[in-house]
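S.K.: here is my input; please provide its structure:
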Amino acid sequence: MTDSQDSTLVAAFVGVVVAACLLGATYGQIAYYFLHQRDAWPHHTLVIAVTTFDTTHQALIAYTVYSYLIPGGQAITGRPVTIWSLLLEVIFNGIITFLVQGYLTRRIWSFSNRSWWIAVFVIPLIFLEFGSVLAFAIYCLAKVHTAEELGKIKNFYIMINALSAGADILIAAVSTGLLIRARTGYPSTERMIRCLVVMSINVGALTALCALGSLVSILAWGRSFNSA
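M.R.: Alright, predicted model coming up:
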């Protein structure tokens with residue numbers, strides 16, 4: 001194993017540990033939600049679905065790092081190879097993103113008095129992103145067997161991250177614009193709207209930064225794993 005591959009695996013291990021911690025925090029939020037919220041069943045179903053997919057995604061990335069780190073594993077002998085869990089987790093990550101962005105878009109649509117101009121701008125971008133994720137994952141599962149082959153379609157994954165960041169930024173911008181337009185001048189309403197605006201910007205900025213961070217890491221260190 002080269003120094004570049006070693007550094008990449010260390011970073012991957014740290015990422016899995018951080019992701020596990022965040023998943024634990026998510027479980028705490030979910031427990032609070034079911035104990036204190038009385039939402040309709042579609043909301044509960046969505047929460048359960050996202051949690052299930054997120055847990056599966058965590059299991060897949062943990063298994064991937066485990067396979068690469070265990071001494072003598074087939075994944076680190078000779079040329080670095082891609083294992084099934086590394087590619088399958090892309091699908092679950094795409095499903096989670098699709099569900100969350102779809103839910104936020106529907107909330108925006110409802111808040112805008114069901115204005116269809118939102119659907120024209122936001123929904124096609126979300127479906128394009130999800131379709132690209134599925135196409136990328138299916139192609140990789142069928143055709144990609146080594147890290148070198150995966151590096152050859154790096155531009156495809158760059159496009160997916162760019163679409164994800166664009167969709168998050170657009171959803172945050174539309175949410176913020178609608179909230180600002182809803183201002184009434186009453187102090188209590190103004191305070192609530194300001195809090196919602198800050199929350200929309202923070203959530204949108206955080207998710208967009210994650211996508212941009214992934215994009216930058218691919219551009220800067222895209223060949224770090226399969227470099228000899």
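
S.K.: ok now do residue 92, which residues does it touch?
M.R.: For residue 92, the contact set (C-beta atoms under 8 Å, 6 or more residues apart in numbering) comprises 53-54, 56-57, 60. Backbone N, C-alpha and C define where each C-beta goes, glycine included.

S.K.: swap the cut-off to 7 Å and go again
M.R.: 53, 56-57, 60 (C-beta atoms under 7 Å, 6 or more residues apart in numbering).

S.K.: for residue 137, same thing?
M.R.: Going by C-beta under 7 Å, 6+ apart, the list of residues near residue 137 reads 87, 90-91.

S.K.: tell me how many other residues crowd residue 117.
M.R.: 10 (other C-beta atoms under 10 Å).

S.K.: once you drop chain neighbours, what's closest to residue 94?
M.R.: Leaving aside its chain neighbours, residue 94 sits nearest to residue 133 (3.2 Å; criterion: C-beta to C-beta, 6 or more residues apart in numbering).

S.K.: quick check: the one you found is in a strand.
M.R.: No - assessed with DSSP: H, G, I helix; E, B strand; the rest coil, residue 133 is helix; it does not lie in a strand.

S.K.: can you tell me the element the residue nearest to residue 69 when sequence neighbours are not counted falls in?
M.R.: Spatial nearest neighbour of residue 69, chain neighbours left out: residue 9 (6.0 Å); criterion: C-beta to C-beta, 6+ apart. Applying DSSP states H and E as the criterion places residue 9 in helix 3-36.

S.K.: any idea how far residue 133 is from residue 149?
M.R.: 18 Å (C-beta to C-beta, to the nearest Å).

S.K.: so for these two, which sits in the more crowded spot?
M.R.: Per other C-beta under 10 Å, whichever of residue 149 and residue 133 has more neighbours is residue 133, with 22 against 15.

S.K.: where does this structure dip in pLDDT?
M.R.: Within the chain, the stretches with pLDDT under 70 are 1-6, 71-80, 182-190, 192-197, 199-205, 221-228.

S.K.: what about the helices in it?
M.R.: 3-36, 41-69, 84-111, 116-143, 147-152, 154-181, 187-221 (DSSP state H).
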